[in-house]
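Novice: Return a 3D structure for these sequence lines:
(2 chains)
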Amino acid sequence: RKEVEQDPGPFNVPEGATVAFNCTYSNSASQSFFWYRQDCRKEPKLLMSVYSSGNEDGRFTAQLNRASQYISLLIRDSKLSDSATYLCVVNRDDKIIFGKGTRLHILP
Amino acid sequence: NAGVTQTPKFRVLKTGQSMTLLCAQDMNHEYMYWYRQDPGMGLRLIHYSVGEGTTAKGEVPDGYNVSRLKKQNFLLGLESAAPSQTSVYFCASSYLTYEQYFGPGTRLTVT
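Specialist: Just a heads-up that it's a prediction; the model follows:
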């Protein structure tokens, strides 16, 4: 089993809809969690960190479920500009593990 | 404040040629990384460094060497390029294992 797993998608979602991604991790000793966004032919950039209590940044909400070992990202009122690949990242000690990403296409 | 820069942006090599990719960061980060990204494979860690003068192997280190002689620079070398090394190479840096800042990438084609 891979240490970090994501549904590769693509998720094709109409503009204005709500979309949610999950990411599962296998090592219970994982310490910190992030969502990155990567646009086509660009470098990944941090979207948000994921805290145990859950956190929100505008239309984006991230949650962590340590018992079930997954993190989630919810995007509300999706925009065309949200089309990208979303990468889940898990840190453990000095190790940083990237998921393969979930592709999101927002349809006009 | 340029963040993370990579040179060159594009390169085409013939099989067996060598080259060095340069990564520079101006954020005083201790940690630096080299990744490759291939379609369907996600980001894979080649080598990383947790400080000046230190390097360590990542997930796919074979065929690559690295050096971190200065804190701000991390070099990735290909001694004898192979077509399997055709990829997009990203460098990143971070303060410990917090947010990683990525460079714009180098697109390498080996023919």
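Novice: Stretch B:36-44: which residues count as buried?
Specialist: B:36-37, B:42-44 (16 or more other CB atoms under 10 Å in any protein chain shown). Bear in mind the C-beta positions are built from the backbone N, C-alpha and C, glycine included.
Novice: go on, stretch A:33-50?
Specialist: Neighbour-count burial for stretch A:33-50 flags A:33-38, A:43-44, A:46-50 (criterion: 16+ other CB under 10 Å).
Novice: which outside residues touch that stretch?
Specialist: By CB atoms under 8 Å, 6 or more residues apart in numbering or on different chains, the residues outside stretch A:33-50 that reach it are A:25, A:32, A:55, A:57, A:60, A:62-64, A:71, A:73, A:84-91, A:98, A:101, B:43, B:90, B:99-100, B:102-105.
Novice: Put the buried members of those residues into a ChimeraX selection.
Specialist: The ChimeraX selection below is limited to those of these classed as buried (16+ other CB under 10 Å):
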select /A:25,32,60,62,63,64,71,73,84,85,86,87,88,89,90,91,98,101 /B:43,90,99,100,102,103,105
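Novice: Near chain A, list only the ones from the buried residues of stretch B:36-44.
Specialist: Applying CB under 8 Å from any CB of the partner chain to the buried residues of stretch B:36-44, one finds that B:42-43 fall near chain A.
Novice: Sitting in helices, which of the buried residues of stretch A:33-50 do you find?
Specialist: Among the buried residues of stretch A:33-50, DSSP state H puts none in helices.
Novice: Could you list the residues in contact with the helix or strand bottoming out on mean pLDDT in chain A?
Specialist: Within chain A, no helix or strand scores below strand A:95-98, which has a mean of 86 by mean pLDDT, DSSP states H and E. If you take CB under 8 Å, 6+ apart as the criterion, strand A:95-98 is touched by A:3-4, A:25, A:36, A:44, A:87-91, B:33, B:35, B:42-43, B:45, B:94, B:97, B:100.
Novice: out of everything not next to it in sequence, what's closest to residue 51?
Specialist: No chain was given, so I picked chain A. Excluding the flanking residues, the one nearest residue A:51 by CB to CB, 6 or more residues apart in numbering or on different chains is residue A:64, at 6.9 Å.
Novice: Sorry, I should have been clearer: chain B.
Specialist: Leaving aside its chain neighbours, residue B:51 sits nearest to residue B:30 (5.1 Å; criterion: CB to CB, 6+ apart).
Novice: And residue B:12, by the same measure?
Specialist: Closest residue to residue B:12 apart from its sequence neighbours, by CB to CB, 6+ apart: residue B:109 at 4.8 Å.
Novice: Next up, the contacts around that neighbour.
Specialist: Residues in contact with residue B:109 (CB under 8 Å, 6+ apart) are B:11-13, B:86.
Novice: at 10 Å what do you get?
Specialist: Taking CB atoms under 10 Å, 6 or more residues apart in numbering or on different chains, we find residue B:109 in contact with B:10-13, B:81, B:83, B:85-87.
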